[in-house]
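[1] Predicted model and sequence below, questions to follow.
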Amino acid sequence: MMPSVLIVDDEKHTREGLQQALAESYDVTIAASADEAFNLLEAQPYDVVLTDLRMPGKSGLKVIDKALALPHRPAVLMMTAYGNIETAVEAMKRGAVDFLTKPVNIERLEVLIQRALKTKTLEVEVQHLHERLDEKFKIEGIIGTSLKLKAVIDKMKLVAPSRATILIEGESGTGKELIAQAIHQASPRARAPFVAVHCAALSDNLLESELFGHERGSFTGATERRIGRFESAAGGTLFLDEIGEISQSTQVKLLRFLETKAIERVGGSKAIDLDVRLVAATNRNLEQLVRDGKFREDLFFRLNVVRLFMPPLRERPEDVPLLLAHFIRVFSEENGVPPLTVEAGALRTLQAYAWPGNIRELRNFCENAVVLRRGGSLTEYDLEPKFRGTGQAASATGGGSGVTHQPTMGTESASFSVEENEKRLLREALLKARGNRTKAAELMGVSRRTLHRKIAQWPELDVTDK
């Protein structure tokens with residue numbers, strides 16, 4: 001389909017001449033006045049609008065305003081026989097992408113139309129990208145119904161529209177960066193950059209240059225000026241992950257930014273004012289680091305304007321089934337395989353597991369299961385011994401404390417072989433069900449047929465009422 005162009009001009013020979021010149025490459029419609037153009041714009045969308053400036057009644061500037069107020073905004077070009085700088089500036093302020101003087105040079109007009117179409121395509125792509133980001137990182141899309149997670153979400157909704165600095169605490173893998181991204185997307189800064197820096201991944205010198213940029217010649221190898229992450233995030237959000245790992249010298253510079261909203265590049269002396277919201281995250285206890293003299297107390301207070309704590313997955317087991325269903329669906333779609341069904345016994349075991357790696361570990365588990373099994377069902381017997389074993393200690397690395405995980409069944413060491421674990425689980429299920437095979441099958445999350453097969457395989461375990 002050819003791109004559509006609307007030409008608005010009160011001079012008959014001009015509009016018809018332009019229509020004829022462009023007809024081979026574009027679907028051209030003409031209008032003799034602004035009012036006629038308004039009716040056409042409301043009736044159908046156009047890719048490009050080419051409008052005269054001076055016309056009886058409403059001027060071409062009104063046509064620009066009307067066109068750019070539509071849901072599907074066309075690219076607008078202005079033309080006039082009275083071309084001057086003031087007119088061009090006003091047209092550009094209204095949203096026109098370019099300006100031509102009469103008589104119109106057709107070759108230049110076609111170049112400008114093609115440029116305008118490319119600009120329009122890019123704008124549409126950017127808009128779609130923003131919509132996808134809004135959908136992916138919206139606060140309402142955070143998965144979980146536990147009271148602890150709900151408390152975090154409620155607080156996020158309150159602080160997202162503000163300019164406040166935010167400190168997110170929690171163990172590794174709990175989704176701190178996702179929370180930071182969701183806060184950004186829910187803020188007035190959503191259309192500006194979200195820039196993430198993982199502080200522990202860089203040495204002190206590299207981190208300082210990465211954050212603040214550097215001037216040419218400021219150190220060996222600095223052959224040109226470099227813009228840092230702070231400047232890249234101008235108008236948006238800078239997310240500093242693992243903030244507890246930064247050096248004292250970088251802490252000083254970071255504190256200066258929080259106090260003055262300005263930075264200096266490495267090797268520079270000019271203060272650069274920046275509008276950047278800072279969101280920091282850590283899996284360490286910053287208050288303890290302050291007591292140990294490893295983190296500045298004044299910086300801690302500056303960061304700790306709003307404090308969010310992401311609970312570890314073991315403290316919100318009711319969210320595990322929702323997360324499993326989400327990631328299984330995502331990876332099934334990505335790999336083009338049927339969704340995996342998690343049977344009740346496997347689900348109970350996974351829900352009881354401590355998940356020391358938190359959501360990151362659960363996500364990797366789902367991807368592995370989807371790729372290797374390619375549909376079908378996942379039973380408790382398909383799980384690795386670590387999920388079905390006992391006595392697993394999951395120690396907290398951040399805001400939580402160490403806990404010992406006890407699964408729903410079993411009291412022996414997790415070092416058993418798979419067959420020994422299956423035997424133990426089967427016997428315990430039969431004992432708990434007091435010999436009722438149907439109830440034992442339900443406890444294990446398997447069918448009664450599977451239970452019969454296992455009993456036939458290990459008849460010494462049979463304590464059922466036949």
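    Sure, I can see it.
[2] Surely I139 and A160 touch.
    Yes: between I139 and A160 there is a contact under CB atoms under 8 Å: 7.0 Å. In short, each C-beta sits where N, CA and C put it, glycine included.
[3] Give me the more crowded residue out of these two.
    Shown here are I139 and A160; by other CB atoms under 10 Å, A160 has more neighbours (19 against 16).
[4] which residues touch the more buried one?
    I139, A182, I183, A186, S187 (CB atoms under 8 Å, 6 or more residues apart in numbering).
[5] swap the cut-off to 6 Å and go again
    The contact partners of A160, taken as CB atoms under 6 Å, 6 or more residues apart in numbering, are I183, A186, S187.
[6] swap in R302?
    Counting by CB under 6 Å, 6+ apart, R302 touches L258.
[7] Name the SS class of it, please.
    Judged by DSSP: H, G, I helix; E, B strand; the rest coil, the three-state class of R302 is helix.
[8] okay, it: pLDDT?
    At R302, the model reports a pLDDT of 95.
[9] do the same with F219
    Note on F219: pLDDT of 80.
[10] what's it sitting at in phi/psi?
    Dihedral pair for F219: phi -160, psi 170, per degrees, to the nearest 10.
[11] Check A271 too.
    phi -80, psi 130.
[12] Could you check how far G57 is from A23?
    Plainly put, G57 is 27 Å away from A23 if you go by CB to CB, to the nearest Å.
[13] which neighbours do I139 and A160 share?
    With CB under 6 Å, 6+ apart as the test, I139 and A160 both reach A186.
[14] Out of the contacts of A160, which sit inside strands?
    Using DSSP state E, no member of those sits in strands.
[15] Dump those residues to JSON lines, plus neighbour count and distance to L303.
    Below are these laid out as JSON lines (neighbours: other CB atoms under 10 Å; distance: CB to CB, whole Å):
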{"residue": "I183", "neighbour count": "29", "distance to L303": "15"}
{"residue": "A186", "neighbour count": "19", "distance to L303": "20"}
{"residue": "S187", "neighbour count": "19", "distance to L303": "18"}
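[16] so which of the residues you listed comes closest to E361?
    Among the contacts of A160, I183 lies closest to E361 (CB to CB), at 24.0 Å.
[17] what sits against the closest one?
    Contacts of I183 (CB under 6 Å, 6+ apart): M156, A160.
[18] Likewise for V48?
    So V48 contacts V5, P74, A75, I113, A116 (CB under 6 Å, 6+ apart).
[19] and A234, what is it in contact with?
    Residues near A234 by CB under 6 Å, 6+ apart: L274.
[20] ok, now how distant is S447 from T438?
    Distance from S447 to T438, counting by CB to CB: 10 Å.
[21] the more surrounded of these two?
    Between S447 and T438, S447 has the larger neighbour count (other CB under 10 Å), namely 14 against 11.
[22] Excluding chain neighbours, what is closest to the more buried one?
    If you skip the residues right next to it in sequence, S447 has A441 as its closest partner in space, 6.3 Å away by CB to CB, 6 or more residues apart in numbering.
[23] cool, C366 as well?
    F327 (3.7 Å).
[24] Does that neighbour touch E361 like I think?
    No: applying CB atoms under 6 Å as the test, F327 and E361 come out as separate, 11.1 Å apart.
[25] ok, these two, which is more surrounded?
    Ranked by neighbour count (other CB under 10 Å), F327 and E361 place F327 first, with 20 against 16.
[26] contact partners of the helix or strand where that one lies?
    Assigned by DSSP states H and E, F327 belongs to helix 320-335. Residues from elsewhere that reach helix 320-335 (CB under 6 Å, 6+ apart): I143, P339, L340, Q351, L362, R363, C366, E367, V370.
[27] Please pick the buried ones from those residues.
    With burial judged by 16 or more other CB atoms under 10 Å, the buried subset of the contacts of helix 320-335 is L340, Q351, L362, R363, C366, E367, V370.
[28] contacting residues for the first one?
    By CB under 6 Å, 6+ apart, the contact set of L340 is I328, A369, V370, R373, L378.
[29] picking up where we left off before, I'd like the buried ones among the contacts of helix 320-335 as a markdown table, with pLDDT appended.
    Below are the buried ones among the contacts of helix 320-335 laid out as a markdown table (pLDDT from 0 to 100):
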| residue | pLDDT |
| --- | --- |
| L340 | 88 |
| Q351 | 91 |
| L362 | 94 |
| R363 | 92 |
| C366 | 93 |
| E367 | 93 |
| V370 | 92 |
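[30] if we take those residues, which one ends up nearest to R453?
    Nearest member of the buried ones among the contacts of helix 320-335 to R453, counting by CB to CB, is L340, at 22.0 Å.
[31] Next, the buried residues of stretch 21-39.
    Going by neighbour count (16+ other CB under 10 Å), the buried part of stretch 21-39 is A21, L22, Y26, V28, T29, I30, A31, A32, S33, A34, A37, F38.
[32] does the closest residue to the second one other than its chain neighbours sit in a helix, a strand or a coil?
    For L22, the nearest residue in space outside its immediate sequence neighbours is V28; the separation is 5.2 Å by CB to CB, 6+ apart. Using three-state DSSP, the three-state assignment for V28 comes out as strand.
[33] can you pull the pLDDT of V28?
    If you check V28, the pLDDT there is 94.
[34] For it, list each beta-bridge partner.
    Beta-bridge partners for V28, by DSSP bridges, are V5.
[35] I'd guessed it sits against L18; true?
    No: the criterion here is CB under 6 Å, and V28 misses it with L18 at 7.7 Å.
[36] which stretches of the stretch 351-466 of the chain form helices?
    358-373, 385-388, 418-432, 437-444, 448-457 (DSSP state H, counting those that start in this stretch).
[37] Next: the stretch 51-200 of the chain.
    So, for the stretch 51-200 of the chain - with DSSP H, counting those that start in this stretch - the helices run 60-68, 85-94, 106-137, 147-159, 176-185.
[38] And the contacts of V48, which of them are buried?
    For the contacts of V48, a burial check counting by 16+ other CB under 10 Å picks out V5, P74, A75, I113, A116.
[39] Noted, bye for now.
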